[in-house]
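Participant: give me a 3D structure for the following:
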Amino acid sequence: MCRGASFQVADNLAETRDISTLRIPDDLKPRDGRFGSGPSKTRNASLEALIKSSTSYLGTSHRQSTVKSQVGRVRQGLKELFGLDDGYEIVLGNGGSTAFWEIAVCGLIERRSQHLVFGEFSSKFAQSAKACPHIEDPQIIESPVGAHPFAVAADDIDVYALTHNETSTGVSMEIARPDGATGLVVVDATSAAGGLRFRPSECDVYYFAPQKCFGGDGGLWLSAMSPAAIERANKLCKDSRRWVPAFLDLSIAIENSLVDQTYNTPSLTTILMLAEQVDWMNQNGGMSFSSGRCDRSAEILYTWAQSSKYATPFVSDPAMRSHVVGTIDFDDSIDASQIAKVLRSNGIVDTEPYRKLGRNQLRIAMFPNVDPEDIELLTQAIDWVAERL
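Facilitator: Model prediction:
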């Protein structure tokens, strides 16, 4: 039989095989099969703490000390974790990072913003700025997916919008003020905060949500804000010529945060789980601990992909490869979607690629809660499945 015919027979066999019957050996299965890029793996200890405090915490007023003390615990813990400079504050509110894009358009961009676009989520803030009638059209600097562009200082730019980690593509960038820039540096750190290192002095706003590196629920936004950013927000939101809805009024969020509360009722579950996660990070060594776990997971994943006969890291430049969200391309002879289906049927979930990227790949979260040993086992499980497909 010729080589081409043998491949045809193999293809026919693969088409008739019920892949749901494939059972990965137990010694190749990760101890925890959650590898989703958000919502992400939660720690049992956080849930246990929630249950333990449920009768005295859940169902109580968010304006009273029971809840306000937890908000204060989150704010102080994040200041410690990030090593914030004097004058920086942790500000929070409801709505998640999606809401914060609109908040920034209303309360941080004075005239014109510059946006680095290199994936689905970095494009959304730019779209919000472009749709806003009271500011000028943004300057958009875009690069193909799989890499990131670089900010360029300009006299007419008062906000530089960067993204620390593009969740859709697995590209990360170093956070740095553009040379000569005088505007605010506003960073989307939704999937980076708590897992990737950064220098707070290099940015004015570092905003994120709890459902990625912090292993909690969504619906809350948090931001580390510099004195300059706080001053800008208070100036714009209190300008009688600019109407800002109260829900999007950053000055109101700042005012409430400084007394350890939110403008409207938050999810108490989210706040307590976040407080537990931040304490866990700080008690084990802070950012060196949490980012160190991500570094180790990334080393395992990318080393495996580079040595594989059928897989390769999607991001070609090692300096741009994310250490919290890994994207791995597969050879055309291997259907990554079939691998993801078999993994899911074996309790290893959420390894599918970002839906709009449309690549033959897997996307694997490597947030601090994911054990590096489980990343090692996952690569072995993928090899086992690929051999049988």
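Participant: contacts, neighbours, all on C-alpha from now
Facilitator: OK.
Participant: what about Gly95, how many neighbours?
Facilitator: 18 (other Cα atoms under 10 Å).
Participant: now do the helices in this protein.
Facilitator: Using DSSP state H, the helices of the chain run over residues 3-16, 44-57, 65-82, 96-107, 120-131, 227-237, 250-257, 268-283, 287-307, 336-345, 372-388.
Participant: need these in JSON lines with mean neighbour count, distance to Gly326 and mean pLDDT, can you?
Facilitator: Below are the helices of the chain laid out as JSON lines (neighbours: other Cα atoms under 10 Å; distance: least, Cα to Cα, whole Å; pLDDT from 0 to 100):
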{"stretch": "helix 3-16", "mean neighbour count": "11", "distance to Gly326": "27", "mean pLDDT": "42"}
{"stretch": "helix 44-57", "mean neighbour count": "14", "distance to Gly326": "24", "mean pLDDT": "96"}
{"stretch": "helix 65-82", "mean neighbour count": "20", "distance to Gly326": "23", "mean pLDDT": "98"}
{"stretch": "helix 96-107", "mean neighbour count": "22", "distance to Gly326": "21", "mean pLDDT": "96"}
{"stretch": "helix 120-131", "mean neighbour count": "19", "distance to Gly326": "16", "mean pLDDT": "96"}
{"stretch": "helix 227-237", "mean neighbour count": "19", "distance to Gly326": "32", "mean pLDDT": "98"}
{"stretch": "helix 250-257", "mean neighbour count": "21", "distance to Gly326": "33", "mean pLDDT": "98"}
{"stretch": "helix 268-283", "mean neighbour count": "21", "distance to Gly326": "22", "mean pLDDT": "98"}
{"stretch": "helix 287-307", "mean neighbour count": "20", "distance to Gly326": "7", "mean pLDDT": "98"}
{"stretch": "helix 336-345", "mean neighbour count": "20", "distance to Gly326": "14", "mean pLDDT": "97"}
{"stretch": "helix 372-388", "mean neighbour count": "18", "distance to Gly326": "11", "mean pLDDT": "98"}
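Participant: those into CSV, with extra columns for distance to Thr327?
Facilitator: Converted to CSV, the helices of the chain look like this (distance: least, Cα to Cα, whole Å):
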stretch, distance to Thr327
helix 3-16, 25
helix 44-57, 27
helix 65-82, 26
helix 96-107, 22
helix 120-131, 14
helix 227-237, 34
helix 250-257, 35
helix 268-283, 25
helix 287-307, 9
helix 336-345, 12
helix 372-388, 13
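Participant: which one of those helices lies nearest to Pro313?
Facilitator: With Cα to Cα, the closest approach to Pro313 among the helices of the chain belongs to helix 287-307: 6.1 Å.
Participant: residues in contact with the closest one?
Facilitator: 81-82, 194-197, 281, 311-313, 322-324, 326, 328, 366-368, 371-373, 375-376, 379 (Cα atoms under 8 Å, 6 or more residues apart in numbering).
Participant: apply 7 Å and report the result again.
Facilitator: Under the criterion Cα atoms under 7 Å, 6 or more residues apart in numbering, residues 81, 194-197, 281, 311-313, 323-324, 366-368, 372, 375-376 lie in contact with helix 287-307.
Participant: go on, stretch 130-146?
Facilitator: Contacts of stretch 130-146 (Cα under 7 Å, 6+ apart): 111-119, 126, 129, 149, 169, 171, 314-315.
Participant: kindly recompute the last result at 8 Å.
Facilitator: 105, 109-119, 126, 129, 148-151, 169-171, 242, 314-316.
Participant: buried residues, it. List them.
Facilitator: Residues of stretch 130-146 classed as buried by neighbour count (16 or more other Cα atoms under 10 Å): 130, 134-135, 137-140, 142, 145-146.
Participant: at the geometric centre of the protein, which residue do we find?
Facilitator: Ser191 (1.0 Å; Cα atoms, centre = their mean).
Participant: find the nearest non-adjacent residue to it, please.
Facilitator: Among residues not flanking Ser191 along the chain, Lys212 sits closest, at 5.3 Å (Cα to Cα, 6 or more residues apart in numbering).
Participant: can you pull the contacts of that neighbour?
Facilitator: 37-40, 190-192, 367.
Participant: and which of those residues is nearest Arg388?
Facilitator: Closest to Arg388, out of all of the contacts of Lys212 and judged by Cα to Cα, is Ser37, at 26.6 Å.
Participant: got phi/psi on that closest one?
Facilitator: Per-residue torsions, Ser37: phi -90, psi 10 (degrees, to the nearest 10).
Participant: now it: how far from Asp239?
Facilitator: Ser37 sits 39 Å away from Asp239, going by Cα to Cα, to the nearest Å.
Participant: cool, and Ser53?
Facilitator: 43 Å.
Participant: and Pro313, how many neighbours?
Facilitator: 23.
Participant: actually, Ala176.
Facilitator: 16.
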